[in-house]
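Trainee: Need a 3D model of the following:
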Amino acid sequence: MQYIEVFAPGTVANLGCGFDVMGLTLDGVGDRMRIGVEPGADGLAISNRSGKELPARMEDNVITPAVMAMLEAYGRLVRVEITILEKIAPGSGIGSSAASSAAAVYGVNELLGRPFPGERLVEFAMMGEALIGGTPHADNVGPAVLGGVVLIRGYEPLDIVRLPVPDDFFYAVVHPDIVVSTKEAREVLPREIPLHDAVTQWGNVGGLVAGFALGDVALIGRSMHDAVAEPCRKGFIPGYDRLKEEVLSEGALAMNIAGSGPSIFALAADKAVSEQVAERMQGHFARLGIGCKMYAGRVSNRGARIVEP
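Mentor: Have a look, this model is predicted:
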């Protein structure tokens, strides 16, 4: 049995107008696990030393379908042992399940001699997302595996475009202690979109992609507006409009809902601004009597990777 330790970062999906097709990578928060592989043997074992509560049954862990899909494609007997050492809190809104799936498939692939390219690893990791949400999607696992900003141009077949992150680009994320189920967040979305809103959304997605490609943070900020999901979902988050005004007045480039919520993210071109914004968001919920977890750091070009024990 050969072992390595692997880290996969947290992520933010949607990025406002990029609903279900865009995501970015966070630095400084993620999953770390020890992975072992023994060719010629069989089986999968998962243990949890992270201190976070995870499913008791292995078949309910997102790692299981991701790794099993990979081993099926590999086509040879392999025993895999995974020990989860550090874990993003489930339900945090920053890609907890995606980080687990991404770290697992990345580590197994490394120990097998890299038989699969990055895009195939994303496909395997998507099976873990399907266990949670019912459908395989890549807006979190894409950036968790590949790093940077990811655009999913299409799923049939999977077509991923990795965009670079500008230098000196920072995030603030706050996860309030409220519950917004993905099912509820999906049910409030409109079944039809007025043409005016659709045109606005298309323009913003194009601007957002161009902003990352050009390294133009001002264009990124102008484009990260959502005419479809945010107006319907912001009602789940107390005082959302007022908080957005406060965050933008602090110098943030943009603020929006992370994934389906209730986490909120903001982006800034300055580290100090991102930290001030995180504190402002935390203070907003504190005044409402709502606790929250706070994260701030650099938006990263680095996805899943080997780390020193």
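Trainee: From here on, just use CA atoms for contacts and neighbour counts.
Mentor: Will do.
Trainee: And the next helix or strand past the helix or strand hosting Ala73?
Mentor: Following DSSP states H and E, one finds Ala73 within helix 63-74. Toward the C-terminal end, the helix or strand that comes next after helix 63-74 (DSSP H and E) is strand 78-86.
Trainee: could you say what helices and strands that next one packs with?
Mentor: Applying 3 or more CA pairs under 8 Å, 6 or more residues apart in numbering; DSSP states H and E, we find strand 78-86 packed against strand 22-39, strand 43-48.
Trainee: one more time with 10 Å, if that's ok
Mentor: strand 2-13, strand 22-39, strand 43-48, helix 63-74, helix 96-111 (3 or more CA pairs under 10 Å, 6 or more residues apart in numbering; DSSP states H and E).
Trainee: circling back to that earlier point, pull the residues that contact the helix holding Ala73.
Mentor: 43-46, 58-59, 77-80, 82, 97-106, 108-109, 112, 115-116, 120-131 (CA atoms under 10 Å, 6 or more residues apart in numbering).
Trainee: And the helices in the stretch 201-309 of the chain, which stretches?
Mentor: Under the criterion DSSP state H, counting those that start in this stretch, the stretch 201-309 of the chain contains helices at 217-223, 230-233, 240-249, 271-287.
Trainee: list the buried ones in the shortest one?
Mentor: What it means is helix 230-233. Glu230, Arg233 (16 or more other CA atoms under 10 Å).
Trainee: That helix packs against which elements?
Mentor: Counting by 3+ CA pairs under 10 Å, 6+ apart, the packing neighbours recorded for helix 230-233 are helix 182-187, strand 254-257.
Trainee: Kindly report the same for the third one.
Mentor: Judged by 3+ CA pairs under 10 Å, 6+ apart, the packing partners of helix 240-249 are strand 254-257, strand 264-268, helix 271-287.
Trainee: Could you look over the ones you listed and pick the most buried one?
Mentor: Mean neighbour count (mean count of other CA atoms under 10 Å) peaks for strand 264-268 among the helices and strands packed on helix 240-249, with a mean of 27.
Trainee: Could you check how far the residue in the chain sticking out farthest from the centre is from Ala104?
Mentor: Farthest-out residue of the chain from its mean C-alpha position, per CA atoms, centre = their mean: Gly40, at 34.0 Å. Here the criterion is CA to CA, to the nearest Å. By it, Gly40 lies 19 Å from Ala104.
Trainee: can you check Pro166 too?
Mentor: Using CA to CA, one gets 28 Å for the distance from Pro166 to Ala104.
Trainee: And these two? Which one has more around it.
Mentor: Per other CA atoms under 10 Å, whichever of Pro166 and Ala104 has more neighbours is Ala104, with 33 against 20.
Trainee: does that one really touch Leu44, like I thought?
Mentor: No - at 11.4 Å, Ala104 does not count as touching Leu44 under the criterion of CA atoms under 10 Å.
Trainee: quick one on the thing from earlier: where among the helices and strands packed on helix 230-233 is average confidence lowest?
Mentor: Lowest mean pLDDT within the helices and strands packed on helix 230-233: helix 182-187, at a mean of 79.
Trainee: list the buried ones in that one?
Mentor: Neighbour counts over helix 182-187 (16+ other CA under 10 Å) mark Ala185 as buried.
Trainee: Check stretch 213-226 too.
Mentor: Ala213, Gly215, Val217, Leu219, Ile220, Gly221, Ser223, Met224, His225, Asp226.
Trainee: Present those as JSON lines; the columns should include distance to Ala278 and pLDDT.
Mentor: Output for these, formatted as JSON lines (distance: CA to CA, whole Å; pLDDT from 0 to 100):
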{"residue": "Ala213", "distance to Ala278": "26", "pLDDT": "93"}
{"residue": "Gly215", "distance to Ala278": "23", "pLDDT": "92"}
{"residue": "Val217", "distance to Ala278": "19", "pLDDT": "92"}
{"residue": "Leu219", "distance to Ala278": "22", "pLDDT": "95"}
{"residue": "Ile220", "distance to Ala278": "19", "pLDDT": "95"}
{"residue": "Gly221", "distance to Ala278": "17", "pLDDT": "93"}
{"residue": "Ser223", "distance to Ala278": "21", "pLDDT": "96"}
{"residue": "Met224", "distance to Ala278": "18", "pLDDT": "93"}
{"residue": "His225", "distance to Ala278": "19", "pLDDT": "92"}
{"residue": "Asp226", "distance to Ala278": "21", "pLDDT": "94"}
